[in-house]
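> could you look at this predicted model? Sequence included:
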Amino acid sequence: MTEQRRKERLDRGIKVRTDGLYALMSWRELSYLTLPRLVLIVGIIILPLVLPSLYWQRVVSIVCIYALLALSFDFLAHYVGLVSLGGAFFIGVGGYIAAILNTSFGLHPLLTVPIATVCGAVICTVLLLPCLPLRGVYFAIVTLMYPLLLARVIEALDILGGTDGIMGIESFPNQWVEEYLVILLVLLFLFGIRRLVNLDIGLVFRAVKDNDQAVRASGMNVTYYRAMGVFIASALGCLGGACLVHIYMWSGISLFALDFSILPIAATVIGGGGTLVGPVLGCFILVPVSELLRAFGTLRIVFYALILMAFVVFRSEGLMVYGTRKYQQFERWVKV
(Lines give C-alpha, C1' and ligand atoms only; values in the text may rest on other atoms or scores of the structure.)
Protein backbone atom coordinates (compact mmCIF):
# COMPACT_ATOMS: atom_id res chain seq x y z
CA MET A 1 0.00 0.00 0.00
CA THR A 2 1.49 3.31 -1.07
CA GLU A 3 2.01 5.96 1.53
CA GLN A 4 -0.21 9.01 1.05
CA ARG A 5 1.04 12.48 1.78
CA ARG A 6 -0.40 15.95 1.65
CA LYS A 7 0.94 19.47 1.99
CA GLU A 8 0.53 21.29 5.28
CA ARG A 9 1.50 24.84 6.25
CA LEU A 10 4.44 25.04 8.63
CA ASP A 11 2.57 27.26 11.07
CA ARG A 12 -0.40 24.87 11.32
CA GLY A 13 -1.25 24.41 14.97
CA ILE A 14 1.29 26.91 16.28
CA LYS A 15 -0.90 29.99 16.16
CA VAL A 16 -3.82 27.99 17.53
CA ARG A 17 -1.92 27.58 20.79
CA THR A 18 0.05 30.80 21.00
CA ASP A 19 1.71 33.69 19.20
CA GLY A 20 4.66 33.61 21.60
CA LEU A 21 7.25 31.05 22.59
CA TYR A 22 4.99 29.02 24.84
CA ALA A 23 3.39 25.56 24.62
CA LEU A 24 5.71 24.51 21.80
CA MET A 25 5.79 20.82 20.95
CA SER A 26 9.01 20.41 18.96
CA TRP A 27 12.28 22.05 18.05
CA ARG A 28 10.91 22.58 14.52
CA GLU A 29 8.17 24.85 15.85
CA LEU A 30 10.70 26.70 17.99
CA SER A 31 12.95 27.15 14.95
CA TYR A 32 10.03 28.32 12.84
CA LEU A 33 9.15 31.07 15.33
CA THR A 34 12.66 32.19 16.25
CA LEU A 35 14.33 32.12 12.82
CA PRO A 36 13.08 35.56 11.65
CA ARG A 37 14.11 37.13 14.95
CA LEU A 38 17.54 35.52 14.86
CA VAL A 39 18.10 36.66 11.28
CA LEU A 40 17.23 40.24 12.26
CA ILE A 41 19.37 40.30 15.41
CA VAL A 42 22.41 38.54 13.97
CA GLY A 43 22.20 40.49 10.70
CA ILE A 44 22.22 43.87 12.43
CA ILE A 45 24.98 42.87 14.86
CA ILE A 46 27.40 41.59 12.22
CA LEU A 47 26.63 44.36 9.71
CA PRO A 48 29.37 46.76 10.94
CA LEU A 49 31.91 43.93 10.80
CA VAL A 50 31.37 43.20 7.09
CA LEU A 51 31.19 46.78 5.80
CA PRO A 52 34.23 47.86 3.78
CA SER A 53 34.90 51.32 5.21
CA LEU A 54 34.57 53.56 8.24
CA TYR A 55 32.19 55.76 6.24
CA TRP A 56 29.60 53.00 5.83
CA GLN A 57 30.01 51.98 9.46
CA ARG A 58 29.10 55.54 10.39
CA VAL A 59 26.09 55.28 8.07
CA VAL A 60 24.88 52.28 10.11
CA SER A 61 24.96 54.47 13.22
CA ILE A 62 22.85 57.12 11.47
CA VAL A 63 20.47 54.41 10.26
CA CYS A 64 19.96 53.35 13.87
CA ILE A 65 19.14 56.94 14.86
CA TYR A 66 16.47 57.06 12.17
CA ALA A 67 15.29 53.60 13.24
CA LEU A 68 14.59 54.92 16.74
CA LEU A 69 12.57 57.77 15.21
CA ALA A 70 10.66 55.39 12.92
CA LEU A 71 9.91 53.11 15.88
CA SER A 72 8.69 56.15 17.79
CA PHE A 73 6.41 57.24 14.94
CA ASP A 74 4.99 53.75 14.38
CA PHE A 75 4.23 53.22 18.07
CA LEU A 76 2.56 56.60 18.49
CA ALA A 77 0.55 56.43 15.26
CA HIS A 78 -0.59 52.79 15.20
CA TYR A 79 -0.88 52.01 18.91
CA VAL A 80 -1.81 55.35 20.52
CA GLY A 81 -3.59 56.97 17.58
CA LEU A 82 -1.51 60.17 17.43
CA VAL A 83 0.18 60.93 14.13
CA SER A 84 3.30 62.90 15.00
CA LEU A 85 5.53 64.89 12.67
CA GLY A 86 7.68 65.92 15.62
CA GLY A 87 10.64 63.63 15.03
CA ALA A 88 12.88 66.66 14.54
CA PHE A 89 11.46 68.17 17.74
CA PHE A 90 12.45 65.09 19.77
CA ILE A 91 15.89 64.88 18.14
CA GLY A 92 16.61 68.57 18.74
CA VAL A 93 15.55 68.61 22.39
CA GLY A 94 17.49 65.46 23.24
CA GLY A 95 20.54 66.63 21.29
CA TYR A 96 20.74 70.07 22.89
CA ILE A 97 20.28 68.69 26.41
CA ALA A 98 23.08 66.15 25.87
CA ALA A 99 25.32 68.87 24.41
CA ILE A 100 24.75 71.20 27.37
CA LEU A 101 25.32 68.42 29.91
CA ASN A 102 28.60 67.49 28.25
CA THR A 103 30.08 70.91 27.49
CA SER A 104 28.80 72.88 30.50
CA PHE A 105 28.77 70.22 33.23
CA GLY A 106 31.47 67.90 31.90
CA LEU A 107 29.38 64.72 32.08
CA HIS A 108 30.56 61.65 30.20
CA PRO A 109 28.56 60.67 27.08
CA LEU A 110 27.43 57.45 28.76
CA LEU A 111 25.77 59.68 31.39
CA THR A 112 24.47 62.45 29.16
CA VAL A 113 22.61 60.02 26.88
CA PRO A 114 20.25 58.52 29.53
CA ILE A 115 19.81 61.86 31.34
CA ALA A 116 19.00 63.67 28.08
CA THR A 117 16.60 60.88 27.12
CA VAL A 118 14.54 61.16 30.30
CA CYS A 119 14.71 64.95 30.68
CA GLY A 120 14.01 65.50 26.99
CA ALA A 121 11.01 63.16 27.10
CA VAL A 122 9.61 65.05 30.10
CA ILE A 123 10.06 68.43 28.35
CA CYS A 124 8.51 67.20 25.09
CA THR A 125 5.56 65.63 26.93
CA VAL A 126 4.90 68.80 28.93
CA LEU A 127 5.04 70.98 25.80
CA LEU A 128 2.71 68.62 23.92
CA LEU A 129 0.32 68.16 26.84
CA PRO A 130 -2.08 70.95 25.74
CA CYS A 131 -2.25 69.34 22.28
CA LEU A 132 -3.27 65.85 23.42
CA PRO A 133 -7.02 66.43 22.88
CA LEU A 134 -6.21 66.97 19.18
CA ARG A 135 -6.14 64.04 16.77
CA GLY A 136 -5.32 63.30 13.17
CA VAL A 137 -3.93 66.06 10.99
CA TYR A 138 -4.38 68.70 13.72
CA PHE A 139 -2.01 66.98 16.13
CA ALA A 140 0.41 66.31 13.26
CA ILE A 141 0.51 70.00 12.25
CA VAL A 142 1.12 71.14 15.83
CA THR A 143 4.00 68.70 16.30
CA LEU A 144 5.48 69.90 12.99
CA MET A 145 5.42 73.51 14.20
CA TYR A 146 7.51 72.86 17.32
CA PRO A 147 10.87 72.16 15.60
CA LEU A 148 10.35 75.07 13.19
CA LEU A 149 9.53 77.39 16.11
CA LEU A 150 12.49 76.34 18.27
CA ALA A 151 14.95 76.61 15.39
CA ARG A 152 13.83 80.19 14.64
CA VAL A 153 13.91 81.16 18.34
CA ILE A 154 17.49 79.87 18.73
CA GLU A 155 18.53 81.69 15.56
CA ALA A 156 16.77 84.98 16.37
CA LEU A 157 17.85 85.21 20.03
CA ASP A 158 21.33 83.78 19.34
CA ILE A 159 21.08 81.37 22.26
CA LEU A 160 22.55 77.87 22.64
CA GLY A 161 25.30 78.80 20.21
CA GLY A 162 22.95 80.41 17.69
CA THR A 163 23.58 79.43 14.09
CA ASP A 164 27.09 78.20 14.97
CA GLY A 165 25.74 75.64 17.39
CA ILE A 166 27.50 74.03 20.35
CA MET A 167 30.93 72.69 19.47
CA GLY A 168 33.52 70.69 21.37
CA ILE A 169 31.14 67.89 22.36
CA GLU A 170 32.92 64.77 23.54
CA SER A 171 32.58 61.70 21.35
CA PHE A 172 32.02 58.12 22.47
CA PRO A 173 35.13 56.31 23.79
CA ASN A 174 35.77 54.63 20.43
CA GLN A 175 34.12 53.68 17.16
CA TRP A 176 32.91 50.26 18.32
CA VAL A 177 31.29 51.63 21.47
CA GLU A 178 29.44 54.14 19.30
CA GLU A 179 28.46 51.50 16.75
CA TYR A 180 27.19 48.81 19.06
CA LEU A 181 25.65 51.16 21.60
CA VAL A 182 23.13 52.48 19.05
CA ILE A 183 22.59 48.99 17.58
CA LEU A 184 21.87 47.46 20.97
CA LEU A 185 19.58 50.37 21.85
CA VAL A 186 17.55 49.81 18.68
CA LEU A 187 17.21 46.08 19.37
CA LEU A 188 16.40 46.66 23.04
CA PHE A 189 13.64 49.17 22.38
CA LEU A 190 12.33 47.26 19.38
CA PHE A 191 11.65 44.11 21.38
CA GLY A 192 10.77 46.10 24.50
CA ILE A 193 8.01 48.05 22.79
CA ARG A 194 6.83 44.91 21.01
CA ARG A 195 6.44 43.33 24.43
CA LEU A 196 4.80 46.47 25.85
CA VAL A 197 2.04 46.60 23.23
CA ASN A 198 1.14 42.97 23.99
CA LEU A 199 0.67 43.67 27.70
CA ASP A 200 -2.53 44.98 29.29
CA ILE A 201 -1.36 48.56 28.91
CA GLY A 202 -0.93 47.92 25.19
CA LEU A 203 -4.59 46.93 25.01
CA VAL A 204 -5.49 50.20 26.72
CA PHE A 205 -3.36 52.14 24.22
CA ARG A 206 -5.18 50.49 21.32
CA ALA A 207 -8.52 51.13 22.99
CA VAL A 208 -7.65 54.82 23.31
CA LYS A 209 -6.77 54.81 19.62
CA ASP A 210 -9.93 53.00 18.48
CA ASN A 211 -12.57 54.42 20.83
CA ASP A 212 -11.44 56.93 23.42
CA GLN A 213 -15.04 57.62 24.48
CA ALA A 214 -15.48 54.01 25.59
CA VAL A 215 -12.22 54.18 27.54
CA ARG A 216 -13.36 57.40 29.21
CA ALA A 217 -16.71 55.80 30.04
CA SER A 218 -14.81 52.97 31.73
CA GLY A 219 -13.38 55.45 34.23
CA MET A 220 -9.89 55.63 32.71
CA ASN A 221 -8.04 58.87 32.11
CA VAL A 222 -7.54 59.10 28.34
CA THR A 223 -5.20 62.09 28.63
CA TYR A 224 -2.96 60.15 31.02
CA TYR A 225 -2.52 57.26 28.59
CA ARG A 226 -1.93 59.58 25.65
CA ALA A 227 0.67 61.47 27.68
CA MET A 228 2.33 58.15 28.56
CA GLY A 229 2.41 57.21 24.87
CA VAL A 230 3.92 60.59 23.96
CA PHE A 231 6.50 60.19 26.73
CA ILE A 232 7.61 56.78 25.40
CA ALA A 233 7.72 58.01 21.79
CA SER A 234 9.57 61.23 22.64
CA ALA A 235 12.05 59.29 24.80
CA LEU A 236 13.01 57.24 21.73
CA GLY A 237 13.52 60.42 19.70
CA CYS A 238 15.47 62.20 22.44
CA LEU A 239 17.65 59.12 22.83
CA GLY A 240 18.45 59.29 19.11
CA GLY A 241 19.26 63.01 19.36
CA ALA A 242 21.53 62.52 22.38
CA CYS A 243 23.48 59.81 20.56
CA LEU A 244 23.62 61.89 17.37
CA VAL A 245 25.37 64.90 18.92
CA HIS A 246 28.07 62.66 20.38
CA ILE A 247 28.53 61.00 16.98
CA TYR A 248 28.88 64.35 15.18
CA MET A 249 30.52 66.11 18.19
CA TRP A 250 28.37 69.13 17.39
CA SER A 251 24.86 70.36 18.11
CA GLY A 252 23.03 73.00 16.08
CA ILE A 253 19.70 74.04 14.63
CA SER A 254 20.12 71.45 11.87
CA LEU A 255 18.94 68.95 14.49
CA PHE A 256 15.49 70.45 13.89
CA ALA A 257 15.69 69.70 10.15
CA LEU A 258 12.52 68.23 8.65
CA ASP A 259 14.45 65.17 7.43
CA PHE A 260 14.08 63.79 10.95
CA SER A 261 10.31 64.17 10.68
CA ILE A 262 9.75 62.99 7.11
CA LEU A 263 12.16 60.07 6.62
CA PRO A 264 10.74 57.98 9.53
CA ILE A 265 7.29 58.27 7.95
CA ALA A 266 8.65 57.14 4.58
CA ALA A 267 10.44 54.23 6.29
CA THR A 268 7.16 53.25 7.97
CA VAL A 269 5.37 53.27 4.62
CA ILE A 270 8.05 51.06 3.06
CA GLY A 271 8.46 48.67 5.98
CA GLY A 272 4.81 48.41 6.99
CA GLY A 273 2.98 50.44 9.62
CA GLY A 274 1.90 48.80 12.86
CA THR A 275 4.57 46.09 12.67
CA LEU A 276 7.32 47.94 14.63
CA VAL A 277 9.97 45.86 12.85
CA GLY A 278 8.91 47.16 9.43
CA PRO A 279 9.87 50.81 10.03
CA VAL A 280 13.29 49.71 11.30
CA LEU A 281 13.86 47.67 8.13
CA GLY A 282 12.59 50.63 6.09
CA CYS A 283 15.35 52.79 7.58
CA PHE A 284 17.96 50.18 6.65
CA ILE A 285 16.73 50.56 3.07
CA LEU A 286 16.09 54.30 2.76
CA VAL A 287 19.14 55.79 4.49
CA PRO A 288 21.79 53.76 2.56
CA VAL A 289 19.89 54.41 -0.69
CA SER A 290 19.96 58.13 0.11
CA GLU A 291 23.72 57.93 0.64
CA LEU A 292 24.25 56.01 -2.61
CA LEU A 293 22.29 58.63 -4.52
CA ARG A 294 24.23 61.53 -3.00
CA ALA A 295 26.56 61.56 -6.05
CA PHE A 296 23.60 62.63 -8.21
CA GLY A 297 23.26 65.90 -6.29
CA THR A 298 19.77 67.37 -6.26
CA LEU A 299 18.71 64.79 -8.84
CA ARG A 300 18.77 62.16 -6.10
CA ILE A 301 15.47 63.56 -4.83
CA VAL A 302 13.88 62.38 -8.10
CA PHE A 303 15.20 58.83 -7.69
CA TYR A 304 14.24 58.89 -4.03
CA ALA A 305 10.68 59.93 -4.90
CA LEU A 306 10.43 57.23 -7.59
CA ILE A 307 11.47 54.55 -5.11
CA LEU A 308 8.86 55.73 -2.61
CA MET A 309 6.17 55.87 -5.31
CA ALA A 310 7.01 52.33 -6.42
CA PHE A 311 6.62 51.00 -2.88
CA VAL A 312 3.37 52.89 -2.32
CA VAL A 313 1.84 51.67 -5.61
CA PHE A 314 3.06 48.06 -5.70
CA ARG A 315 3.63 47.25 -2.01
CA SER A 316 1.37 49.64 -0.13
CA GLU A 317 1.04 47.16 2.76
CA GLY A 318 4.78 47.34 3.40
CA LEU A 319 7.59 44.84 3.10
CA MET A 320 7.14 43.39 6.58
CA VAL A 321 3.47 42.54 6.10
CA TYR A 322 4.19 41.03 2.69
CA GLY A 323 7.18 39.05 3.97
CA THR A 324 5.26 37.77 7.01
CA ARG A 325 2.41 36.55 4.83
CA LYS A 326 4.79 34.72 2.50
CA TYR A 327 6.71 33.20 5.41
CA GLN A 328 3.49 31.85 6.92
CA GLN A 329 2.59 30.21 3.59
CA PHE A 330 5.56 27.83 3.58
CA GLU A 331 4.40 24.22 3.36
CA ARG A 332 5.77 20.75 4.04
CA TRP A 333 4.74 17.21 3.11
CA VAL A 334 3.12 15.18 5.94
CA LYS A 335 1.68 11.73 6.14
CA VAL A 336 -2.10 11.44 5.83
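Done, it's in. Just so we're clear, the structure is a prediction, and the values are computed from it rather than from any experiment.
> low-scoring stretches of the stretch 201-336 of the chain, by residue?
Within the stretch 201-336 of the chain, the segments meeting pLDDT under 70 span 330-336.
> mind listing the helices for it?
Ranges of helices in the stretch 201-336 of the chain, per DSSP state H, counting those that start in this stretch, are 212-217, 222-248, 259-271, 277-292, 300-314, 319-327.
> please name the nearest non-neighbouring residue to residue 321.
residue 272 (4.3 Å; C-beta to C-beta, 6 or more residues apart in numbering). Where you see a C-beta, it was placed from the backbone N, CA and C, and this is true even at glycine.
> roughly how far does the one you found sit from residue 311?
10 Å (C-beta to C-beta, to the nearest Å).
> what do those two both touch?
318, 319 (C-beta atoms under 8 Å, 6 or more residues apart in numbering).
> can I get the helices of the stretch 201-336 of the chain in CSV with mean neighbour count and distance to residue 117?
Formatted as CSV, these follow (neighbours: other C-beta atoms under 10 Å; distance: least, C-beta to C-beta, whole Å):
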stretch, mean neighbour count, distance to residue 117
helix 212-217, 13, 28
helix 222-248, 24, 4
helix 259-271, 23, 16
helix 277-292, 22, 18
helix 300-314, 13, 30
helix 319-327, 15, 26
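> quick check: which of those is nearest to residue 154?
helix 222-248 (14.4 Å; C-beta to C-beta).
> how far does that closest one sit from its chain's centre?
10 Å (C-alpha atoms, centre = their mean, to the nearest Å).
> what does stretch 321-328 give?
The answer for stretch 321-328 is 21 Å, by C-alpha atoms, centre = their mean.
> repeat for stretch 285-295
That offset, for stretch 285-295, works out to 18 Å (C-alpha atoms, centre = their mean).
> separation between residue 149 and residue 208?
Taken as C-beta to C-beta, the span from residue 149 to residue 208 is 27 Å.
> quick revisit: of the helices of the stretch 201-336 of the chain, which is nearest residue 76?
Among the helices of the stretch 201-336 of the chain, the nearest to residue 76 by C-beta to C-beta is helix 222-248 (4.1 Å).
> let me know the angle separating the closest one from helix 259-271.
On the basis of axes from the mean of the first three to the mean of the last three C-alpha atoms, to 10 degrees, helix 222-248 is oriented at 110 degrees to helix 259-271.
> check which helices and strands helix 222-248 sits against.
helix 54-75, helix 87-105, helix 109-128, helix 175-197, helix 200-210, helix 212-217 (3 or more C-beta pairs under 8 Å, 6 or more residues apart in numbering; DSSP states H and E).
> give me whichever of those is most buried.
Comparing the helices and strands packed on helix 222-248 by mean neighbour count (mean count of other C-beta atoms under 10 Å), helix 87-105 ranks first with a mean of 26.
> that older thread, quick one: closest of the helices of the stretch 201-336 of the chain to residue 129.
helix 222-248 (6.2 Å).
> and the angle from that closest one to helix 109-128?
On the basis of the same axes, to 10 degrees, helix 222-248 is oriented at 140 degrees to helix 109-128.
> what angle sits between helix 222-248 and helix 200-210?
110 degrees.
> for residue 272, phi and psi?
phi 120, psi 110 (degrees, to the nearest 10).
> residue 44 contacts residue 185, correct?
No: if you go by C-beta atoms under 8 Å, residue 44 and residue 185 don't touch, sitting 11.4 Å apart.
> ok, back up a step: figure out which of the helices of the stretch 201-336 of the chain is closest to residue 84.
helix 222-248 (6.7 Å).
> separation between the closest residue to residue 84 other than its chain neighbours and residue 127?
Nearest non-adjacent residue to residue 84, counting by C-beta to C-beta, 6+ apart: residue 143, 4.7 Å away. Counting by C-beta to C-beta, the gap from residue 143 to residue 127 is 10 Å.
> just residue 69 next, same as before
If you go by C-beta to C-beta, the gap between residue 69 and residue 127 works out to 18 Å.
> what does residue 306 give?
In this view, residue 306 and residue 127 are 37 Å apart by C-beta to C-beta.
> repeat that for residue 205.
Counting by C-beta to C-beta, the gap from residue 205 to residue 127 is 21 Å.
> who are the contact partners of residue 143?
84, 85, 86, 89, 128, 131.
> is it correct that the first one falls within a helix?
No: the assignment for residue 84, made by DSSP: H, G, I helix; E, B strand; the rest coil, is coil rather than a helix.
> contacting residues around it?
Neighbour list for residue 84: 72, 73, 76, 77, 139, 140, 143, 230, 233 [criterion: C-beta under 8 Å, 6+ apart].
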